[in-house]
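Asks: Kindly generate the corresponding structure for this input.
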Amino acid sequence: MLSSQESNSAFADSDLIHFQERIKPVVSKCLIYGALFIPLFSFTILIMYFISLLPAGDGLIVVSSTAAISGLAIYKDNKYKNENSQQDEQLEFIKERIAGSGYIHEDIKGDYLEKVSASPSEASRFFAAFVQQEERMKEIMHEEL
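Replies: Alright, predicted model coming up:
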């Protein structure tokens, strides 16, 4: 959703670190599943080959192929959940970050939250605009002190 160049300009460093910490458990879980899938799937295919050489291996081939297909389905489901959970975490993070800002007026925060909820595909663009506006407000407040 965010390119690296866009994320560096849109997020303050602390926001980026906080977001990465939030998605770290989801990403690591998916990486573990992916790392386990590849050797297990390869091993199942190899076993199916050797079973096919046996004279009475037809039943075992069916069992092995069912196991391989089940593993592939679990891998695809995990990959889909990983992509969706990262997007959901990003939207949740953006909404919480906007709502928790102490520099922007409540009406403006409400407008940004409404835009993010209405168009999740453009949430990063709205968040970048919000962060820029927040930075301007911080500068103005610090100049007044």
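Asks: where's the residue positioned nearest the centre of the chain, which helix or strand?
Replies: With distances taken as C-alpha atoms, centre = their mean, the residue of the chain nearest its centroid is Gln86 (1.7 Å). Applying DSSP states H and E as the criterion places Gln86 in helix 58-99.
Asks: if we can go back for a sec, distance check, the closest residue to the residue nearest to the centre of the chain other than its chain neighbours against Asn78.
Replies: Excluding the flanking residues, the one nearest Gln86 by C-beta to C-beta, 6 or more residues apart in numbering is Ile23, at 5.5 Å. Every C-beta, even on glycine, is put in place using the N, C-alpha and C of the backbone. Noted for Ile23: a distance of 15 Å to Asn78, by C-beta to C-beta, to the nearest Å.
Asks: same deal with Val27?
Replies: According to C-beta to C-beta, Val27 and Asn78 sit 12 Å apart.
Asks: One more: Glu139?
Replies: Going from Glu139 to Asn78 by C-beta to C-beta gives 44 Å.
Asks: Show me which of these two is the more surrounded one.
Replies: A side-by-side neighbour count of Glu139 and Asn78, using other C-beta atoms under 10 Å, places Asn78 first with 18 against 11.
Asks: Now for that one: which residues touch it?
Replies: Going by C-beta atoms under 8 Å, 6 or more residues apart in numbering, Asn78 touches 30, 33-34, 37.
Asks: cutoff 10 Å now
Replies: By C-beta atoms under 10 Å, 6 or more residues apart in numbering, Asn78 lies in contact with 29-34, 36-37.
Asks: Isn't Val26 up against Asp88?
Replies: Yes: between Val26 and Asp88 a contact is recorded at 9.4 Å, counting by C-beta atoms under 10 Å.
Asks: intersection of neighbour lists for the two?
Replies: Residues touching both Val26 and Asp88 (C-beta under 10 Å, 6+ apart): Lys81.
Asks: Three-state assignment for the residue lying farthest from the centre of the chain, please.
Replies: Relative to the C-alpha centroid of the chain, counting by C-alpha atoms, centre = their mean, Pro55 is the outermost residue, at 47.6 Å. With DSSP: H, G, I helix; E, B strand; the rest coil as the basis, Pro55 sits in coil.
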